[in-house]
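In: Please work out how this folds:
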Amino acid sequence: MKTQIKFQKILALVTLIIAAVAFIYSICFFSGNLSDIMTYRLAGKRTNYVGRVEVDGVLHTITDSDPAIPSDYLTSANNWILDAQSTLSIIVTLGIIYFVVIAFVYIFGLNSRRNYYITNYVMTGVIVAYSLFFALYGFISIGSLMSSFYNITFDYPGDPKFALLKNMCALADVSSSPLIFVLGFIVYLLVVAIAVAWVYNLVWKIKLMNGEKALLAKGSVKEVV
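Out: Below you'll find the model as predicted:
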């Protein structure tokens, strides 16, 4: 029984750590190569561009009389950023709720109780259900953002206007690295693993409690609360 209690104490702490990791991931999503994409969002605020740019060895001049850089250059990147920000705001909220759920682990003593009562069973069910829901939403959301990310157009080779825009607004060459998305999948796999671990902990606890009750019925041991 001591081993099981030690396990559930460690499990509660690990759950808290995984929740923190999931929260940090969501607020640091626009890092690495995805931080470069934000330059496209800022460029959309410009209305006119004046200057000269060399494209394929030919010098082009663009003046105030020319129309502004067409928004089509930035639409796909800008729309993706808006979608990602909207999705991440939901994930951040879910992460905060996850912390609240875990707080009840300690409030109801789920991490340290030798015997389980109805509140402990209910809280175990809540933790497992919410963890799976959080992970499922994370998998679907990150998968969708990853898929749409690879449909963004970041360059228009040979187009002097886009070349000027890229030069004046310092538009980055966004890497196609999937690292940020892969990290997200790993984080939500850990959340699923936590749910499975809580189920395992409950089954283990029930078996020990039933075994102890059987010994108590035989008068072999005294009950320990």
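
In: residues in contact with residue 176?
Out: Neighbouring residues of residue 176 by CB atoms under 8 Å, 6 or more residues apart in numbering: 33, 150. Every residue, glycine included, has its C-beta placed from N, CA and C.

In: Kindly state the pLDDT recorded for it?
Out: Note for residue 176: predicted pLDDT of 91.

In: Assign it to helix, strand or coil.
Out: coil (DSSP: H, G, I helix; E, B strand; the rest coil).

In: quick check: longest helix of this structure.
Out: When the chain is parsed with DSSP state H, its longest helix is helix 179-218.

In: Does anything pack onto that helix? Which helices or strands?
Out: For helix 179-218, the packing partners by 3 or more CB pairs under 8 Å, 6 or more residues apart in numbering; DSSP states H and E come out as helix 2-27, helix 33-36, helix 118-149.

In: Sketch out the low-pLDDT regions of the protein for me.
Out: For the chain, applying pLDDT under 70 flags the ranges 1, 44-56, 60-72, 212, 215-217, 219-225.

In: Quick check: phi and psi on the closest residue in space to residue 13 that isn't next to it in sequence?
Out: Among residues not flanking residue 13 along the chain, residue 111 sits closest, at 7.7 Å (CB to CB, 6 or more residues apart in numbering). Here is the backbone geometry of residue 111 (degrees, to the nearest 10): phi -80, psi -20.

In: Show me the one of the helices and strands packed on helix 179-218 that comes nearest residue 190.
Out: Across these, residue 190 has its closest neighbour in helix 2-27 (5.1 Å, CB to CB).

In: What are the buried residues along that closest one?
Out: Buried residues in helix 2-27, counted by 16 or more other CB atoms under 10 Å: 8, 11-12, 15-16, 18-19, 21-23, 25-26.

In: Report the angle between the longest helix of the chain and helix 118-149.
Out: Counting by axes from the mean of the first three to the mean of the last three CA atoms, to 10 degrees, helix 179-218 points 160 degrees away from the direction of helix 118-149.

In: Please report the distance of the residue positioned nearest the centre of the chain from residue 134.
Out: What sits nearest the mean C-alpha location of the chain, by CA atoms, centre = their mean, is residue 26, with 4.2 Å. Residue 26 sits 11 Å away from residue 134 when distances are taken as CB to CB, to the nearest Å.

In: Next, format the helices and strands packed on helix 179-218 as JSON lines and append distance to residue 214.
Out: As requested, the helices and strands packed on helix 179-218 are arranged in JSON lines below (distance: least, CB to CB, whole Å):
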{"stretch": "helix 2-27", "distance to residue 214": "16"}
{"stretch": "helix 33-36", "distance to residue 214": "57"}
{"stretch": "helix 118-149", "distance to residue 214": "20"}
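
In: Which helix or strand contains residue 59?
Out: strand 58-62 (DSSP states H and E).

In: Actually, residue 89.
Out: Element membership for residue 89, per DSSP H and E: helix 72-107.

In: Now do the buried residues in that helix.
Out: Across helix 72-107, burial judged by 16+ other CB under 10 Å covers 73-74, 76-78, 80-81, 84, 87-88, 91-92, 94-95, 98, 101-102, 105.

In: what residues are up against residue 171?
Out: Neighbours of residue 171 in contact, by CB under 8 Å, 6+ apart: 39-40, 43, 154, 165.
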